[in-house]
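> what follows is a predicted protein model with its sequence.
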Amino acid sequence: MLGTDALRIAIPSKGRLREQSIEILRRAGVRVSVEGRRLFSVCPDTGATVILSNAQDIPVLVSEGVVDLGITGSDQVVEKGADVILHRKLGFGRCRLSVAVHKDAPYRSAKDLSGKVVGSKFVNLATSHFERAGATGVHVLEIQGAVEVMVLLGLVDAIVEIVETGSSLVENDLVELERVIDAEAVLIGHARPRDPDLRERLLRRIDGVLHAARYSLLEYNCPVERLAEATRITPGFSSPTVQQLADPRWRAVKVLVEKSEVHRVMDELERLGCQAILETELRHTRL
């Protein structure tokens with residue numbers, strides 16, 4: 001039996017979210033050890049227990065209080081209608097749930113599928129989408145597994161399925177008709193965790209991992225007369241760190257810059273006459 005007082009965290013046991021979930025927990029100091037067929041791991045540093053589960057079951061495990069925290073897709077949370085706390089959007093596993101049909105089918109919108117059979121793992125989301133679209137008499141058939149091939153087999157007229165790159169649809173002669181929702185990995189929780197203090201510490205650590213994924217540390221030497229312009233370009237998370245160098249004509253600046261902006265910012269700093277512009281990757285932060 002698992003310990004009754006230890007904080008429990010559920011992550012996907014397989015699929016697109018498993019490895020990234022393990023990585024973010026390890027970077028947050030939860031040393032997950034996954035070996036053989038064992039479906040749980042006790043972290044020696046924190047005492048938390050990590051449980052590997054089907055992604056679609058995790059919202060239910062959290063809402064029922066069987067586990068305290070869980071990482072799964074936001075699509076699974078909505079599909080299950082789970083009563084959980086959305087603690088964090090994790091920024092990985094981004095995808096979309098879409099209606100797809102055969103490339104030669106005559107359908108041009110979800111409403112055109114009135115009276116048709118649609119296959120999906122996401123019965124509730126699919127049903128709600130067709131109702132909003134004004135499609136009537138749609139029979140949503142629950143299919144687990146390779147749903148894309150069901151159109152070719154003639155079992156269904158369309159599918160509602162997760163799309164990441166779209167390559168699987170193309171390989172099965174399907175095209176997207178409409179987007180149902182956008183989804184990504186999320187960290188969800190129960191309102192009354194077994195160890196509230198550890199839960200809060202882990203949330204702060206995960207925030208540090210997420211901020212590190214978003215920002216880079218930029219360091220550069222700036223001419224004193226251009227310092228005001230440079231710091232307008234790099235205002236930082238709160239403000240830049242500015243230090244005097246041995247040469248009074250120069251200042252050293254350290255600042256956090258969003259990764260998506262790094263190249264543009266470095267170009268602008270170079271045009272100002274800044275030198276020794278360096279980017280450093282971050283692994284963890286506390287902001």
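Arrived safely. Numbering: from 1, shown residues only.
> contacts, neighbours, all on C-alpha from now
Fine.
> burial of residue 188, as a residue count?
28 (other Cα atoms under 10 Å).
> equivalent analysis for residue 171, please.
10.
> gap between it and residue 254?
Using Cα to Cα, to the nearest Å, residue 171 is found at 49 Å from residue 254.
> same check, this time on residue 31
On the measure of Cα to Cα, residue 31 and residue 254 end up 32 Å apart.
> check which helix or strand residue 100 maps to.
Element membership for residue 100 (DSSP states H and E) is strand 95-102.
> that strand pairs with which strands?
Partners of strand 95-102 in the sheet, by DSSP bridges, are strand 158-163 (antiparallel), strand 174-183 (antiparallel).
> helix or strand right after that strand?
That would be, after strand 95-102 and using DSSP H and E, strand 117-120.
> and the helix or strand just after that next one with strand 174-183, angle?
Per DSSP H and E, strand 117-120 leads on to helix 123-133 as the next helix or strand towards the C-terminus. If you take axes from the mean of the first three to the mean of the last three Cα atoms, to 10 degrees, helix 123-133 sits at 100 degrees to strand 174-183.
> mind giving me the packing neighbours of the very next helix or strand once past helix 123-133?
Scanning forward in sequence from helix 123-133 by DSSP H and E, the next helix or strand is strand 139-142. Identification of packing neighbours for strand 139-142 by 3 or more Cα pairs under 8 Å, 6 or more residues apart in numbering; DSSP states H and E yields strand 117-120, helix 123-133.
> list the helices and strands the last one packs on?
The criterion is 3+ Cα pairs under 8 Å, 6+ apart, and the helices and strands that helix 123-133 contacts are helix 74-80, strand 139-142, strand 174-183.
> at 10 Å what do you get?
Applying 3 or more Cα pairs under 10 Å, 6 or more residues apart in numbering; DSSP states H and E, one finds that helix 123-133 contacts helix 74-80, strand 95-102, strand 117-120, strand 139-142, strand 158-163, strand 174-183.
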